[in-house]
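Engineer: please work out how this folds:
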Amino acid sequence: MTATETPLYTVLETAARDSRGLAIDSISSCHSGHMGLPLGCAEIGAQLWGKHLSYNPDDPLWLNRDRFVLSAGHGSMFIYSWLHLSGYDLPLEEVKNFRRHHSKTPGHPEFPSSQHNTPGIEATTGPLGAGVGNAVGLAAAAKLAAATYNTPEHKIIDHFVVALCGDGCLQEGVSFEAASFAGHEGLDNLILIYDSNDVTLDKMADFTQSENTAQRFTALGWNTITIDGNDLSAVDKALTDAKALKNGKPTIIIAKTIIGKGVAEIEGTSAAHGEAGVAYQKTARAALGLPADDLWHVSPETKKFFSAKKAELKGKYDDWFKTYNAWKAANPALATQLENAKAKKYPTASEVLAAIPEYDPKKNVATRQSGSDVLQHVAKLVPQFLSGSADLHGSTKNYINGVGNFGNPKTKGKEYKGRNFYFGIREHAMGTILNGIAYYGLNIPSGATFLVFCDYMRAALRVAALSELQVGYILTHDSVGVGEDGPTHQPVEATSGLRIIPHLDVIRPADPEEVAGAFASLIDRKDGPTALIFSRQNVRTLNEIPVAERRNGVLKGAYVAVKETAPLTHILLGSGSELQWAVDAAKELGPSVRVVSVPSFEIFDRQSAEYKESVLPSSVTKRVAIEAGVTGLWYKYVGLNGKVIGTDKFGFSAPGDTVMKEFGINTGNVVTTAKSL
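Structural biologist: Next comes the predicted model:
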């Protein structure tokens, strides 16, 4: 340690002590929370915000800031303490309101949304391991942005992504999937700090794990550094080395820490994980040297240091803006694209539809195929749109032609500028990486798999919905129509299972023109994720319904596809590949029958009461719905007097037409059922 470093380390030790005090006092105040990580990782926080992270508290959305993700989100008082100390708009009153209603300090960190706006939070975390995937997504997005926008003359994006995880994160399989992707794709802008405190909630960690983490990550293509995580100088050196390596590999810093450090009665034990330290608040504060009469104490030395640090960082921020403005002047087209991306200034739904030519009415193709065709036009119109697949591009058909493949340039056929992501057979990681790309804020990411496998990434999809992220999911092979692959691949419950997730739009289009409407809705919706549900089998193009009605009807969630020409007696409802059977049944049943296409429950439910009544008049109770899946959710539209044709059983292995016939999912059964009402 040099003479100039001595005062820095001294003040950082004080700041670490103060952060421990804030965590102890906030968790004690509400008798809830997780004290172990904030206390055990205080020295790591001091080095990150005190020296190593590049940020501007007054502009928390600065493009070239370092991103920090607390994957072990239960330790949220760690990040709240450091955001407060380093000068973000997180006043002490909010720190005191930890875990209270409407505070900026919820139990787990939440990405800014309509519900919370905590500056400095880069990702919603809590489900263990997911934050590792989010950090990988952020790092991938940064690589993509640098390759897209940097020029030889001006480098405007060159920051790091740092994540802090624990044993629980690394035990969850998603972190392994994400780490494998990061190592393979050479994301050397990513630093993962592993809080290796040898403790999990129930027991000491060796009760459930015995692997060598360093060897595991070395095998995955990472640099590995092992340190004493409670030693300021060791943390400093590790972070300095990690940033300097630049060898095409991400880095994991295995920081051996003492969980709950500072509360002698519980430190180093599994009891320290939660709020057990609350009982020892007074003695712990005294041992740390915190004044007994000043809860939530922040020393003058800490305040002075971070005030100066903020000014220092502002100077670097101002220098960056000089470079940025020079870049803008030299690259006006790129600058417009970047500014549009930052502002989420994308084409409207009507503009997207105008860019998609009408589909050949003579073709009867699977919606996964028409989805592929529509996607090409969308990708040309929206350069921020990304696509990816879990090793299923040939089946999900969501590859964007002519825009390259994202990834490690050492792999033939890949470049960081590419817009097609090959996620491998890693659906859960794909979901978390997509979220990370969305958190970064410059792209609309999308990913694809078979609908039956979407449950592998359900936890990530749920977080996308609660975080209001604009993410697209292309989920194909959507029903028992999959056929011979059998019940393991026939997702009878999956579409309904997605529909019950709040704030997720699920769209199951019936033909190519409804597919166009579905993509237009995905691009137009900026405050939440959208799942597009596509068929494996061919469907009839519904030329009986005008093109504009099919396209714009999707934007309403449901619409009158075939209008009655006599006094209305029956309403037939359908979605996706089964709408064709409802249309055909109406022809047999006569002029008093209306057909309603319902591609999206969620969008329809948001419409006005007047519109919903115009589509489904309450006076008409003879209603039949048809969909090749479980029936339960449809009853909110058909009512208790209506009937639903579908299957509440798993399917079986046989040709798709045979399976459909066995379950009565056809025109004949719609006719028979409607007549029975």
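
Engineer: so which residues of the stretch 101-250 of the chain form helices?
Structural biologist: In the stretch 101-250 of the chain, the helices defined using DSSP state H, counting those that start in this stretch lie at 130-149, 167-171, 173-184, 213-219, 232-245.

Engineer: next, the contact list for Ile645, please.
Structural biologist: Counting by Cβ atoms under 8 Å, 6 or more residues apart in numbering, Ile645 touches 624-627, 631, 664-665, 669-670, 673. C-beta: built from backbone N, CA, C; applies to glycine.

Engineer: quick one: Cys30 and Arg99 touch, right?
Structural biologist: Yes: taking contacts as Cβ atoms under 8 Å, Cys30 lies within contact range of Arg99: 4.8 Å.

Engineer: may I see the buried residues of the top helix by length along the chain?
Structural biologist: In the chain, assigned by DSSP state H, the helix with the most residues is helix 300-330. Neighbour counts over helix 300-330 (16 or more other Cβ atoms under 10 Å) mark 302, 305-306, 309-310, 313, 317, 320, 324, 327-328 as buried.

Engineer: helices or strands up against it?
Structural biologist: Here helix 300-330 touches helix 5-30, helix 332-342, going by 3 or more Cβ pairs under 8 Å, 6 or more residues apart in numbering; DSSP states H and E.

Engineer: highest average neighbour count across these?
Structural biologist: helix 5-30 (a mean of 21; mean count of other Cβ atoms under 10 Å).

Engineer: tell me the mean pLDDT for that helix?
Structural biologist: The average of the pLDDT scores along helix 5-30 is 93.

Engineer: for that helix, which helices and strands make contact with it?
Structural biologist: helix 36-40, helix 42-47, helix 76-85, helix 92-96, helix 232-245, helix 281-288, helix 300-330.

Engineer: adding distance to Asp66 and mean pLDDT, write those helices out as TSV.
Structural biologist: Shown next, in TSV, are these (distance: least, Cβ to Cβ, whole Å; pLDDT from 0 to 100):
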stretch	distance to Asp66	mean pLDDT
helix 36-40	20	97
helix 42-47	13	98
helix 76-85	13	98
helix 92-96	22	98
helix 232-245	10	98
helix 281-288	29	96
helix 300-330	11	97
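
Engineer: export those helices to TSV and append columns for distance to Ser196.
Structural biologist: Converted to TSV, those look like this (distance: least, Cβ to Cβ, whole Å):
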stretch	distance to Ser196
helix 36-40	10
helix 42-47	12
helix 76-85	16
helix 92-96	27
helix 232-245	13
helix 281-288	23
helix 300-330	27
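
Engineer: out of the ones you listed, which gets nearest to Thr257?
Structural biologist: helix 36-40 (4.3 Å; Cβ to Cβ).

Engineer: which helices and strands does that closest one pack with?
Structural biologist: Using 3+ Cβ pairs under 8 Å, 6+ apart, helix 36-40 is in contact with helix 5-30, helix 76-85.

Engineer: ok so, going back, any idea which of the helices of the stretch 101-250 of the chain gets closest to Ala609?
Structural biologist: Of all those, helix 130-149 comes closest under Cβ to Cβ, at 38.1 Å.

Engineer: using CSV, list the CA coordinates for the closest one.
Structural biologist: Output of helix 130-149 as CSV, limited to C-alpha atoms (Å, rounded to 0.1, in the frame of the first residue of the first chain):
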residue,chain,number,x,y,z
ALA,A,130,-31.3,-14.8,-12.5
GLY,A,131,-29.2,-11.7,-11.8
VAL,A,132,-26.2,-13.5,-13.2
GLY,A,133,-28.2,-14.0,-16.4
ASN,A,134,-29.3,-10.4,-16.4
ALA,A,135,-25.7,-9.2,-16.0
VAL,A,136,-24.7,-11.5,-19.0
GLY,A,137,-27.5,-9.8,-21.0
LEU,A,138,-26.3,-6.4,-20.0
ALA,A,139,-22.8,-7.3,-21.0
ALA,A,140,-24.0,-8.7,-24.4
ALA,A,141,-26.1,-5.6,-25.0
ALA,A,142,-23.0,-3.4,-24.3
LYS,A,143,-20.9,-5.4,-26.7
LEU,A,144,-23.6,-5.1,-29.3
ALA,A,145,-23.9,-1.3,-28.7
ALA,A,146,-20.2,-0.8,-28.9
ALA,A,147,-19.9,-2.7,-32.1
THR,A,148,-22.9,-0.8,-33.5
TYR,A,149,-22.1,2.8,-32.4
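
Engineer: give me the low-pLDDT residue ranges for the protein?
Structural biologist: Within the chain, the set of residues satisfying pLDDT under 70 comprises 1-6.

Engineer: so which residue is smack in the middle of it?
Structural biologist: Asn435 (2.4 Å; Cα atoms, centre = their mean).

Engineer: pretty sure that residue sits against Arg462.
Structural biologist: No: the criterion here is Cβ under 8 Å, and Asn435 misses it with Arg462 at 10.3 Å.

Engineer: ranges for the helices of the stretch 551-677 of the chain?
Structural biologist: 579-589, 601-605, 609-615, 635-638, 656-662, 667-676.

Engineer: tabulate the ones you listed in JSON lines, adding columns for distance to Gly73.
Structural biologist: Shown next, in JSON lines, are those (distance: least, Cβ to Cβ, whole Å):
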{"stretch": "helix 579-589", "distance to Gly73": "42"}
{"stretch": "helix 601-605", "distance to Gly73": "27"}
{"stretch": "helix 609-615", "distance to Gly73": "39"}
{"stretch": "helix 635-638", "distance to Gly73": "34"}
{"stretch": "helix 656-662", "distance to Gly73": "43"}
{"stretch": "helix 667-676", "distance to Gly73": "48"}
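
Engineer: go ahead and confirm Ala561 touches Ser597.
Structural biologist: Yes: with contacts defined as Cβ under 8 Å, Ala561 counts as touching Ser597 at a distance of 4.2 Å.

Engineer: what touches both of these two?
Structural biologist: With Cβ under 8 Å, 6+ apart as the test, Ala561 and Ser597 both reach 545, 550, 553, 579.

Engineer: out of the residues you listed, the closest to Gly371 would be?
Structural biologist: Arg550 (14.5 Å).

Engineer: for that closest one, which non-adjacent residue is closest in space?
Structural biologist: Glu513 (3.8 Å; Cβ to Cβ, 6 or more residues apart in numbering).

Engineer: the one you found should be in a strand, yeah?
Structural biologist: No: according to DSSP: H, G, I helix; E, B strand; the rest coil, the state of Glu513 is helix, so it is not within a strand.

Engineer: and it, how far from Trp62?
Structural biologist: 43 Å (Cβ to Cβ, to the nearest Å).
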